[in-house]
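Asks: structural data only, the sequence is not supplied:
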């Protein structure tokens, strides 16, 4: 029986330790982390492609930052090993603001979303919902127009209130 215990203990020791999924520190709310993402879009999830390397198809409705040559994207999603959210978070026919290929996303062969911060915001009834500019679990709601005004660079405006006549200098 001691031989059996010895074999059992050796068998247990030979089992490899569990592989841990990616872990990373939360880098901040959307308006903070999106600055480091090369592409930010508003898009609609069309379909999921589960499997060894899960992806989802996204129809780009608007490009908020970066450049894009097409209106369709294939986005790599979480498989438990990479620092990406799981596809179930993004059901088909839902609309999102996505900051793609930000730090921690481990893009591999294409575009990906990092889960090391708030790299996505849900668009719901012409508003964005999520950690827009607050703490990690602080969910806020902001109109899409107000969000875009805060996200995009402020426009330069110059106003003056004087009448200028032809031939006068200003």
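Replies: Arrived safely. Since the structure is predicted, the reported quantities are computational estimates derived from the model, not experimental observations.

Asks: going forward, measure contacts and count neighbours with C-alpha atoms only.
Replies: Noted.

Asks: phi and psi next, for the residue nearest to residue 58 when sequence neighbours are not counted.
Replies: Leaving aside its sequence neighbours, residue 58 sits nearest to residue 45 (C-alpha to C-alpha, 6 or more residues apart in numbering; 4.5 Å). Dihedral pair for residue 45: phi -70, psi 120, per degrees, to the nearest 10.

Asks: same check, this time on residue 31
Replies: Torsion angles, degrees, to the nearest 10, at residue 31: phi -60, psi -20.

Asks: let me see the ranges of the strands in the protein.
Replies: 39-49, 55-65, 72-76, 95-100, 111-112, 120-124, 127-130, 140-143 (DSSP state E).

Asks: so for residue 165, which of those strands sits nearest?
Replies: For residue 165, the closest of the strands of the chain is strand 55-65, at 40.8 Å, according to C-alpha to C-alpha.

Asks: just the buried residues of the closest one, please?
Replies: For strand 55-65, burial by neighbour count (16 or more other C-alpha atoms under 10 Å) applies to 55, 56, 57, 58, 59, 60, 63, 64, 65.

Asks: and those, which is closest to residue 27?
Replies: residue 65 (19.1 Å).

Asks: was I right about the residue nearest to residue 58 contacting residue 98?
Replies: No: taking contacts as C-alpha atoms under 8 Å, residue 45 lies outside contact range of residue 98: 10.8 Å.
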